[in-house]
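Asker: Sequence first, then the predicted structure, then my questions.
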Amino acid sequence: MSYGDLPCVEFVEVVTEYLEGSMPVHERLTMERHLAFCAPCVDYIEQMRATIAVSGTLSEQDVPEEVIEPIMAAFRAATGGKS
């Protein structure tokens, strides 16, 4: 789907930058124009905000030990072993 100059797939790719407030004003306005017409992207951004809020309350002790190594292995693989 696409609204204005921004297809949904591109919206999803830059949503973190939007939420962090680090994108230029003209790009932010494009995002907000897209959100004015695209209910699925509104749902997506609200899910991202909720995920950020919840994950910000977690500590290392909240993550089960058996989960840590697979997550770290996936991170190392995704970053080429640079952690």
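Answerer: In hand now; what should we look at? Residues are numbered from 1 along each chain as shown.
Asker: from here on, contacts and neighbour counts on C-alpha atoms
Answerer: Fine.
Asker: Now do residue 79 against residue 50, distance only.
Answerer: 26 Å (CA to CA, to the nearest Å).
Asker: Helices along the protein, start to end?
Answerer: Assigned by DSSP state H, the helices in the chain fall at 8-20, 25-37, 39-55, 65-78.
Asker: can I get those helices in a markdown table with mean neighbour count and mean pLDDT?
Answerer: Formatted as a markdown table, these follow (neighbours: other CA atoms under 10 Å; pLDDT from 0 to 100):
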| stretch | mean neighbour count | mean pLDDT |
| --- | --- | --- |
| helix 8-20 | 14 | 92 |
| helix 25-37 | 15 | 92 |
| helix 39-55 | 13 | 93 |
| helix 65-78 | 11 | 90 |
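Asker: What is the end-to-end distance of stretch 11-30?
Answerer: Using CA to CA, the end-to-end distance of stretch 11-30 comes to 9 Å.
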